[in-house]
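Asker: how does the following fold in three dimensions:
(one chain, ligands or ions: 1)
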Amino acid sequence: MIPKSEILKTLAGYDKKKLAIATLCSHSALQIFTGAKQEGFKTIGIVTKKKKPMYDAFPLAKPDEYIVVDDYHSSADALNSLAERNVIFVPHGSLIEYVGKDIGNLRVPIFGNRRVLFWEADRHKMFQWMKKAGLRMPSSTGPDKIKGPHIVKFPGAKGGRGYLIVSSPKEFREKTTHLIREGVVAKKDVEGALIQEYLTGVRFYPHYFYSPLEKEGLRVGEGRLEMLSVDRRIETNIEEIYRSHAAGLKTEPSFAVVGNMPVILRESLLVDIMDMGKRVVEASIDLFGGIPGPFCIETICDDEFKFSAFEISARIVAGTNLYPKFSPYTPYIFKEEMSTGRRIAREIRLAVAQNKLDKVIY
Ligand code: AMP
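Answerer: Have a look, this model is predicted:
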């Protein structure tokens, strides 16, 4: 990974009065650009020819300038060219999907701490982080010890696509053999699969923002933790599988995210939600220098109102797109309209004013 000192050198050469905010045109780019404009930044979008008309269709959200590339998978050169253009780059889920490990070596300063992308990508590291944060987590087991419903997550499976539910070693063998035969997964994917206790309850995905610069509010580390919003994912086909079951079909559940729904939480649950966020930030500070910026904890709340967490997304998540102006929580933190996209730009603006950009980029 490129050393942070190199990124700070690039940043030292920037004209701080002319900073621009850039991202890949995908995922939550409309929100990121809109927020950046609200905070007075120029915006640059890396886009493919095919996607550009979609962004042009939203005149208030489209970037001020496009850099057109053939394919996001090979956009590293375009991304690196941004380091000559006063750009802070905002990462999101599609960047991770398309650019992958190359993100580590990008020369352009990235909002947040790029080290976290590697803690997020590696399940063992992610669990180490979650354990250190003291989060309640589903247990995991080996293929020969499965007893009761478990969810099988193959390495690199995206957005819950291809997950299996199995209740015994025999069912695991039968279903995975079938998938290998069909060419859906490779043998090594089955060997590397995570077999996790299937949790019963309701899912909540709270969206947080950690600011190392702000002081008033819930103090964590040297800054404050904000809870900006909550969503629930719409996943096919698990969401409405009762309809198939009612029709007498024995459909296998799948968990591919296709949308998001807004959620407001019972107010007494906010204590635990804030506490989980606080501990995730504190553990991140100890393990890899912190997570300035947005993140989300994927949780399931059981009928005793206890939360378990099964993943952390350490960046802006698509569920925040529900709240381009405000969420049910942001009016209690900000007087003005505030989205996660705008919050990112606000943090950059604050960091410039306090001469502390080094605290919010890597
Ligand atoms: P993930 O890829 O870990 O984000 O999981 C994708 C989806 O699978 C989640 O949004 C949940 O709906 C479901 N899921 C993941 N882990 C569990 C679990 N341990 N128990 C029940 N459902 C889960």
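Asker: what are the boundaries of the strands in the chain?
Answerer: With strands called from DSSP state E, the chain shows them at 20-24, 42-48, 65-69, 87-89, 140-141, 150-153, 164-166, 194-197, 202-211, 218-220, 223-237, 255-262, 293-301, 307-313.
Asker: which bits of the stretch 251-362 of the chain sit near the ligand?
Answerer: 255, 298, 310-311 (Cβ under 6 Å from any ligand atom). To be clear about C-beta, it is placed using only N, CA and C from the backbone, and glycine gets the same treatment.
Asker: I'd like the residues you listed written out as a markdown table, with neighbour count added.
Answerer: Shown next, in a markdown table, are those (neighbours: other Cβ atoms under 10 Å):
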| residue | neighbour count |
| --- | --- |
| Phe255 | 20 |
| Glu298 | 17 |
| Phe310 | 21 |
| Glu311 | 16 |
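Asker: for the residues you listed, which one is nearest Glu84?
Answerer: Nearest to Glu84 among these is Glu311, at 36.0 Å by Cβ to Cβ.
Asker: how close does the residue nearest to that closest one when sequence neighbours are not counted sit to Ala309?
Answerer: Nearest residue to Glu311, sequence neighbours excluded (Cβ to Cβ, 6 or more residues apart in numbering): Glu298, at 4.2 Å. Applying Cβ to Cβ, to the nearest Å, the value for Glu298 to Ala309 is 6 Å.
Asker: ok, now which ones touch Leu60?
Answerer: 34, 37 (Cβ atoms under 8 Å, 6 or more residues apart in numbering).
Asker: er, Lys145 actually
Answerer: By Cβ under 8 Å, 6+ apart, the neighbours of Lys145 are Pro169.
Asker: again, but for Ala36
Answerer: 21, 42-43, 90, 341-342, 344-345.
Asker: can I get those in JSON lines with distance to Leu225?
Answerer: Shown next, in JSON lines, are these (distance: Cβ to Cβ, whole Å):
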{"residue": "Ile21", "distance to Leu225": "23"}
{"residue": "Lys42", "distance to Leu225": "30"}
{"residue": "Thr43", "distance to Leu225": "27"}
{"residue": "Val90", "distance to Leu225": "20"}
{"residue": "Gly341", "distance to Leu225": "19"}
{"residue": "Arg342", "distance to Leu225": "18"}
{"residue": "Ile344", "distance to Leu225": "15"}
{"residue": "Ala345", "distance to Leu225": "19"}
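Asker: now the residue in the chain sticking out farthest from the centre: how far from Thr236?
Answerer: Most distant residue from the mean C-alpha position of the chain: Gly248, 36.8 Å away (Cα atoms, centre = their mean). Gly248 sits 20 Å away from Thr236, taking Cβ to Cβ as the criterion.
Asker: kindly report the same for Tyr72.
Answerer: Taken as Cβ to Cβ, the span from Tyr72 to Thr236 is 24 Å.
Asker: higher neighbour count, the two?
Answerer: Counted by other Cβ atoms under 10 Å, Tyr72 and Thr236 do not tie: Tyr72 has more neighbours, with 21 against 16.
Asker: how about that one, nearest residue that isn't a chain neighbour?
Answerer: Tyr98 is the one closest to Tyr72 (Cβ to Cβ, 6+ apart), at 3.8 Å.
Asker: list the contacts of that neighbour.
Answerer: 24, 26, 72-73, 75.
Asker: and this protein, what are its domains?
Answerer: Structural domains assigned to the chain are 4-110, 123-136+200-237+260-359, 143-197, following automatic domain parsing.
Asker: where among those is the average confidence lowest?
Answerer: Comparing mean pLDDT across the domains of the chain, the weakest is domain 143-197, with a mean of 90.
Asker: which residues of the stretch 51-200 of the chain lie near the ligand?
Answerer: Residues of the stretch 51-200 of the chain lying near the ligand (Cβ under 6 Å from any ligand atom): 138, 151, 160, 163, 196-199.
Asker: out of the residues you listed, which are buried?
Answerer: Listed as buried from these are 151, 160, 163, 196-197, 199; burial here means 16 or more other Cβ atoms under 10 Å.
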